[in-house]
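Trainee: Turn this into a structure:
(one chain, ligands or ions: 1)
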Amino acid sequence: SKFQIAVVVGSLRRDSFNQKLANAIMKLAPPEFSFKQSQIGDLPLYNQDDDDNPAEPVKRLKGEIAEAQGLLFVTPEYNRSMPGVLKNALDHASRPYGQNAWAGKPGGVIGASIGSIGTAIAQQHLRNSLAYLDVPTLGQPEAFIHVKEELFDEAGNIGNEDSRKFLQNWMDHYVVWVKRHTD
Ligand code: FNR
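Mentor: Prediction:
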């Protein structure tokens, strides 16, 4: 398809709500968009000594980002910030200096939490790093998803009408954003 999106999920948990959210919102995009999740769970801890000799998972991640027209980050909030696994992935693909794979790729940020402020602070911290990494990131609408029982149905779709409409609107804006930043 015309627009390939690299998806990065900030939780490695088997039953992750954010993984479920990622899976559900990918289905809300038009057919000209395809999504490929970049796995980050097997990345080593970032060590600048390895910049000249990156591990296979690091090369894979950077290759997937290079191929993509856009980025989609779906993340939980850990201790009022983004999870370390996500920051580790950001750091890996930003290096070596001058070879930042993220640069210029339009991005979207979304996240789900069982807490009532729904990842707002994690997303803000993530936006801070993305600004530095030269990722033009969709500003509005924001989406802070508070996970409740009925959020997902058995098929893994968004289970209630209000949330589905809200997330469809978010995706529609994300699609316009990616197109606007792709030549
Ligand atoms: C959390 N959780 C959490 N929630 C939140 O809204 N703000 C926070 O700062 C934190 N901090 C935090 C730290 C750590 C180490 C864990 C494990 C959890 C709760 C979090 O929202 C909840 O575990 C989600 O289910 C995590 O997302 P996934 O794994 O379901 O995608």
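
Trainee: State which helix of this structure is the longest.
Mentor: helix 161-180 (DSSP state H).

Trainee: Could I get the full set of helices for this protein?
Mentor: Counting by DSSP H, the helices of the chain are 17-26, 56-67, 84-93, 120-132, 161-180.

Trainee: mind listing what's buried in the longest helix of the chain?
Mentor: Ser163, Arg164, Leu167, Trp170, Met171, His173, Tyr174, Val175, Trp177, Val178 (16 or more other C-beta atoms under 10 Å). Placement of C-beta: from N, CA and C, glycine included.

Trainee: what's near enough to touch the second one?
Mentor: Right, Arg164. Asn157, Ile158 (C-beta atoms under 8 Å, 6 or more residues apart in numbering).

Trainee: if I look at it, how far off is His146?
Mentor: Distance from Arg164 to His146, counting by C-beta to C-beta, to the nearest Å: 15 Å.

Trainee: Over to Gln140?
Mentor: 19 Å.

Trainee: pLDDT on stretch 22-33, on average?
Mentor: When pLDDT is averaged over stretch 22-33, the result is 98.
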